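1. Predicted model follows, preceded by the sequence.
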Amino acid sequence: METHSLRTKVKILVTLTLTAATLLALAACGGRSLPAQSDGQTVSDGGPTPDKGAKKDACVAPRYCSSNSECKAGFKCKGCFGNPCCPKCEACFKKCVPDNGCNNNKDCSSSEYCELGPGCGKGAPGACVKRPGPCPKYLVPPPPVCGCDDKQYGNACEAQSKGVNVANKGFCKSKCQELSKQYNSALLKAKTCCSTCNQPGAECTKQVQSALACGCPTFISTWNTAALKSITMLQNQWKSGNCASKTSCPPGGACKPLTKGVCDGFGATGYCKDK
């Protein structure tokens, strides 16, 4: 009876010891409970080949490399990447990253992004920097930016907080092209006129540009107030989005001088023509 009781006590003691060791290991590596591998899985092209027979060690997070020798040329085995448990458990978080910086966000921690140089890096390595955020609420909104993913963002902080580098201030080229299409549509509606309606704005008296990009002066009526409002709004967006810098006009495209616009057609089906 005493022997059985002694064995039970020993089992309890062993269990408690193992539990304590596990908790210490979890605390040492940020509380993560993923099994570690001495030759962990590949994170980037510079990483080592996974070893199916890898043994578990003290780390409780995947260890992707342990030394530079496990990485290919141009890569180094580096650790931590902003993990809160570092440097105490640096070895647990090592992985192969480019020797001279980072190529993309996968080379940085989840709280960082790979900040590239002008022109979205142009193939040159960047540096892992902390993502900004939360972004402030501006009384005067800063200019919009185009991300290196060719998507539009409200400002630089908004793009960088999502791990996206800024390609340029203002609108993306695709956004500017969309504004041009909308402008052409609004201009077509504003070209309608009526020479016999005897109403204010029915004649072709207002001069605007024939296009947002590389346009020449042309006459419209102010009869269609909705179209006129759209033209003004699109012109302002084109300017604030710095779209002119993304447009190259063909050489020798001089505009012809105009004297007036005339309403060609009968009744409300007229169309403004330049003279």
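-> All right, it came through fine.

2. make it CA atoms for all contacts and neighbour counts henceforth
-> Will do.

3. Name all residues that make contact with the closest residue in space to residue 255 that isn't next to it in sequence.
-> What sits nearest to residue 255 in space, not counting adjacent residues and going by C-alpha to C-alpha, 6 or more residues apart in numbering, is residue 216, at 5.6 Å. Contacts here follow C-alpha atoms under 8 Å, 6 or more residues apart in numbering; on that basis residue 216 touches 209-210, 255-256.

4. again, 6 Å this time
-> The contact partners of residue 216, by C-alpha atoms under 6 Å, 6 or more residues apart in numbering, come to 209-210, 255.

5. Then residue 249?
-> Shown in contact with residue 249 (C-alpha under 6 Å, 6+ apart): residue 214.

6. Confirm that it sits in a strand.
-> No - Residue 249: not assigned to a strand; according to DSSP: H, G, I helix; E, B strand; the rest coil it is coil.

7. now it: how far from residue 213?
-> 8 Å (C-alpha to C-alpha, to the nearest Å).

8. Looking at the residue nearest to residue 255 now. What's its pLDDT?
-> Per-residue confidence at residue 216 stands at 90 (pLDDT).

9. swap in residue 171?
-> Residue 171 is given a pLDDT of 93.

10. The stretch 151-275 of the chain: strands as residue ranges?
-> For the stretch 151-275 of the chain, the strands defined by DSSP state E, counting those that start in this stretch cover 152-153, 166-169, 192-193, 204-209, 217-221, 261-264, 270-274.

11. Deepest in the core, which of the ones you listed is it.
-> strand 192-193 (a mean of 26; mean count of other C-alpha atoms under 10 Å).

12. Just put the strands of the stretch 151-275 of the chain in a markdown table and tack on distance to residue 117.
-> Shown next, in a markdown table, are these (distance: least, C-alpha to C-alpha, whole Å):
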| stretch | distance to residue 117 |
| --- | --- |
| strand 152-153 | 18 |
| strand 166-169 | 9 |
| strand 192-193 | 49 |
| strand 204-209 | 37 |
| strand 217-221 | 40 |
| strand 261-264 | 50 |
| strand 270-274 | 48 |
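
13. Residue 129: which of the ones you listed is closest?
-> Among these, the nearest to residue 129 by C-alpha to C-alpha is strand 166-169 (14.0 Å).

14. From the contact counts, what lies against the closest one?
-> Applying 3 or more C-alpha pairs under 6 Å, 6 or more residues apart in numbering; DSSP states H and E, one finds that strand 166-169 contacts strand 145-147.

15. could you give the mean pLDDT of the strand it packs on?
-> The pLDDT scores in strand 145-147 average 93.

16. tell me which residues of that strand are tucked away?
-> Neighbour counts over strand 145-147 (16 or more other C-alpha atoms under 10 Å) mark 145-147 as buried.

17. Stretch 121-130 too?
-> 125-130.

18. before we move on, what about stretch 131-142?
-> Within stretch 131-142, judged by 16+ other C-alpha under 10 Å, the buried ones are 131-132.

19. Check what contacts it and list those residues.
-> Counting by C-alpha under 6 Å, 6+ apart, 111-112, 157, 161 sit against stretch 131-142.

20. at 7 Å what do you get?
-> Residues outside stretch 131-142 that contact it (C-alpha atoms under 7 Å, 6 or more residues apart in numbering): 111-113, 155, 157-158, 160-161, 163.

21. cool, stretch 198-206 as well?
-> Here stretch 198-206 makes contact (C-alpha under 7 Å, 6+ apart) with 193-195, 219-223, 261-263, 272.

22. quick one: pLDDT of residue 36?
-> For residue 36, the pLDDT comes out at 33.

23. swap in residue 270?
-> Note for residue 270: predicted pLDDT of 89.

24. Could you double-check that it lies in contact with residue 194?
-> Yes - assessed by C-alpha atoms under 7 Å, residue 270 is found in contact with residue 194 at 5.4 Å.

25. re the thing from before, of the buried residues of stretch 121-130, which belong to strands?
-> 127-130 (DSSP state E).

26. what's the model's confidence in stretch 70-79, averaged?
-> 71.

27. Need phi/psi at the closest residue to residue 241 other than its chain neighbours.
-> Ranked by C-alpha to C-alpha, 6+ apart and with sequence neighbours excluded, the top spatial neighbour of residue 241 is residue 170, at 4.0 Å. As for residue 170, its main-chain torsions (degrees, to the nearest 10) stand at phi 90, psi -160.
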